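# all I have is the shape, not the residue letters:
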């Protein structure tokens, strides 16, 4: 039993990460170029490596953790003392939590599409072709979407750094030791316990930490890029009109859409009735977006 | 457990949810199902094989394991997720029932007047399938009932977990004196700290889902009162 073969990552685990990737990469259409690179790094260098390689390396971490004693229970207790949470679980949680802020952007885009659809229906252009066009429309990262995107990147950076810090707290240093000395009850005196595959684990730990670092750098670069683009737009915009008026116009048109949605919620009784044309709000919307 | 199939079913019902309902579904699948599948199942994988008692008496380990773990955390969480996801299917059933009624009415009316050509009729039927019903009337009651049922199931399962395992903390050592164990023996649980971490994580996400359900209830009630 001590030298049981490592657990192979089963097909189900690969399928689950595959579904996860499908959900997250839906956001790809509305990302910047750096955002797409970040997503590829996450998938190829972190999820794929985690599933294909790292899980086999850590597969026998408990069964091959041997202490120099025959006292029953000493192995379990010493393993629990030195490995409160396995590296693999920590990295899996990190990848899941770091990827979820991207869904904020997806929710915002879905909300915008919903509003656009309502406006189109009310102005009488609710044909299937127009609705398909809305579904495939790519939104520019300006206005409220810019803020949502910015917040999502900042959360990504925060989660990434938080997990790196937690990793440092639990396992100070990236090197996996060969031998740990343990004296918790019920181990008699101090016993030597041996960790399985320490060098391979060190290599993978360094790799995953490096991939995390690269992701943090990519996120920081994306923040800088977005701020730079926004400043360029501000400067270009200020040549034509004053900034507060531009922002005010966008905010007011967005609020107008919200108000229209509220009106639509209250007044729409049946979806089969013909919608009335409202030309003025359409003009305002076009000028803002 | 075929979680992707469950996800496919729930996403269909998602169209008729409020925004809070959509957020609830994402939290459910990303933070609970995903974490359960990817991480928690490996942590609990060796729970019985690595449950070691300080005795050579055959059968003692089995009996003690059974006494302290009447039902594994993983199975409890799977059941919880299945029960919590089920009320959403009530809503899809009601929507399907409404659609069927409307389709019958449409076919009847077209048969009577004879105006609509077959192509027009197909377009109308397609629009019927794709429309999003407003949450009013009987749909509102169905939806309210489903959210209340979700909340009840969450609370029930959380309480059951708390009662069966005496809190969310997993001890390192349990003492057992069931027959056939001679006297009192020490039994050691494998990976207790990691199990505690995941139990706390799942309890936290469960509470977040409860809060979302509560907020959705409040939103539905205020919207109805405003109407």
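Everything's here; your move. Only a predicted model underlies this, so the values are computations on that prediction, with no experimental measurement involved. Numbers count the residues shown, from 1 in each chain, chains lettered A, B, ... in the order given.

# okay, CA-based contacts and neighbour counts for the rest of this
Fine.

# which residues are contacting stretch A:165-182?
A:78, A:84, A:90, A:190-196, A:198-199, A:201-202, A:205-206 (C-alpha atoms under 8 Å, 6 or more residues apart in numbering or on different chains).

# spatially, which two of those are the most separated?
Taking C-alpha to C-alpha, the two most distant members of the contacts of stretch A:165-182 are A:190 and A:206; they sit 30.2 Å apart.

# OK, contacts around residue A:48?
Residues near residue A:48 by C-alpha under 8 Å, 6+ apart: none.

# you'd agree it is in a helix?
Yes. Counting by DSSP: H, G, I helix; E, B strand; the rest coil, residue A:48 falls inside a helix.

# in the chain, which residue is most central in space?
I'll assume chain A. Computing the C-alpha centroid of chain A and ranking residues by C-alpha atoms, centre = their mean puts residue A:99 first, at 1.1 Å.

# right idea, wrong chain: chain B
Central residue check for chain B by C-alpha atoms, centre = their mean: the C-alpha nearest the mean position is that of residue B:81, 2.4 Å away.

# what secondary structure does it sit in?
Applying three-state DSSP: residue B:81 is helix.

# and what of residue B:182?
Residue B:182, by the three-state scheme (three-state DSSP), is coil.

# what is the burial count for it?
Applying the criterion other C-alpha atoms under 10 Å in any protein chain shown, we find 13 residues in the vicinity of residue B:182.

# now the buried members of the contacts of stretch A:165-182.
Judged by neighbour count, with 16 or more other C-alpha atoms under 10 Å in any protein chain shown as the criterion, the buried members of the contacts of stretch A:165-182 are A:78, A:84, A:191, A:193-196, A:198, A:201-202, A:205.

# is there proximity between the helix or strand of chain B with the lowest mean pLDDT and chain A?
Every helix and strand of chain B was ranked by mean pLDDT, DSSP states H and E. The lowest is helix B:118-130, at a mean of 72. No. Helix B:118-130 lies out of reach of chain A by C-alpha under 8 Å from any C-alpha of the partner chain, never closer than 8.7 Å.

# I'd like to know which elements that helix is packed against.
Using 3 or more C-alpha pairs under 8 Å, 6 or more residues apart in numbering or on different chains; DSSP states H and E, the elements in contact with helix B:118-130 are helix B:73-113.

# per-residue pLDDT, residue 110?
Answering for chain A, as no chain was given. pLDDT recorded at residue A:110 is 81.

# hm, I was asking about chain B
Per-residue pLDDT puts residue B:110 at 72.

# any idea how far residue B:129 is from it?
Using C-alpha to C-alpha, to the nearest Å, one gets 17 Å for the distance from residue B:110 to residue B:129.

# what do you get for residue B:212?
29 Å.

# between the two, who's got more neighbours?
residue B:212 (19 against 15).

# list the contacts of whichever strand or helix holds residue B:175.
When elements are assigned from DSSP states H and E, residue B:175 belongs to strand B:173-176. Taking contacts as C-alpha under 8 Å, 6+ apart, the residues outside strand B:173-176 that touch it are B:64, B:184-189.

# tell me how far the helix or strand where residue B:187 lies lies from the chain's centre.
Using DSSP H and E, the element containing residue B:187 is strand B:185-188. Strand B:185-188 has its C-alpha centroid displaced from the chain centroid by 34 Å (C-alpha atoms, centre = their mean, to the nearest Å).

# ok, stretch B:200-215 next?
Between the mean C-alpha location of stretch B:200-215 and the chain-wide mean there is a distance of 11 Å, by C-alpha atoms, centre = their mean.

# just to revisit the earlier point, and the buried ones among the contacts of stretch A:165-182, which is closest to chain B?
When the buried ones among the contacts of stretch A:165-182 are compared for distance to chain B, the smallest value, 5.2 Å, is given by residue A:84; criterion: C-alpha to the nearest C-alpha.

# ok, the closest one touching residue B:194?
Yes. Applying C-alpha atoms under 8 Å as the test, residue A:84 and residue B:194 come out as touching, 5.5 Å apart.

# do a quick rundown of the helices in chain A.
Using DSSP state H, the helices of chain A run over A:11-25, A:33-41, A:49, A:55-57, A:74-82, A:87-99, A:101-122, A:128-135, A:144-170, A:198-240, A:243-267, A:279-288.

# of those, which is nearest residue B:58?
Comparing the helices of chain A under C-alpha to C-alpha, the one sitting nearest is helix A:74-82, at 19.6 Å.

# output the contacting helices and strands for that closest one.
strand A:66-67, helix B:192-226.

# need the contact partners of it.
Under the contact criterion C-alpha under 8 Å, 6+ apart, helix A:74-82 has outside partners A:62, A:65-67, A:182-187, A:193, B:50, B:172, B:188-194.

# residues of chain A that sit close to chain B?
The interface of chain A toward chain B, taken as C-alpha under 8 Å from any C-alpha, is made up of A:13, A:16-17, A:19-20, A:71-73, A:76-77, A:79-80, A:84-86, A:89, A:92-93, A:96, A:100, A:266, A:271.

# if any of the residues you listed are buried, give me the PyMOL selection for them.
Burial among these is assessed by 16+ other C-alpha under 10 Å; the matching PyMOL selection reads:
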select buried, chain A and resi 16+17+20+72+73+76+77+79+80+84+85+86+89+92+93+96+100
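
# what does chain B have sitting close to chain A?
Listed as neighbours of chain A in chain B under the rule C-alpha under 8 Å from any C-alpha: B:4, B:30-31, B:34-35, B:37-39, B:50, B:52-55, B:131, B:172, B:187-194, B:197, B:227.

# let's go with 6 Å and repeat that
Within chain B, the positions near chain A by C-alpha under 6 Å from any C-alpha of the partner chain are B:39, B:52, B:54, B:188, B:190-191, B:193-194.

# and stretch B:193-211, average pLDDT?
Per-residue pLDDT values across stretch B:193-211 average out to 94.

# can you pull out the low-pLDDT segments for the chain?
Chain wasn't specified; assuming chain A. A:1-15, A:125-126, A:128, A:134, A:238-289 (pLDDT under 70).

# hmm, no, I was thinking of chain B.
Applying pLDDT under 70 to chain B flags residues B:1, B:112-119, B:130.

# burial count for residue B:16?
Counted with other C-alpha under 10 Å, residues neighbouring residue B:16 total 20.

# again with residue B:14
19.

# what about the residue nearest to it when sequence neighbours are not counted, which helix or strand?
The shortest distance from residue B:14 to any residue that is not its chain neighbour, by C-alpha to C-alpha, 6 or more residues apart in numbering or on different chains, is 6.3 Å, and that residue is residue B:22. Taking DSSP H and E as the criterion, residue B:22 maps to helix B:19-27.

# chain center to the following helix or strand past that helix: distance?
Elements were assigned by DSSP H and E; along the chain past helix B:19-27, the next helix or strand is helix B:34-35. Its chain's C-alpha centre and that of helix B:34-35 lie 13 Å apart, by C-alpha atoms, centre = their mean.
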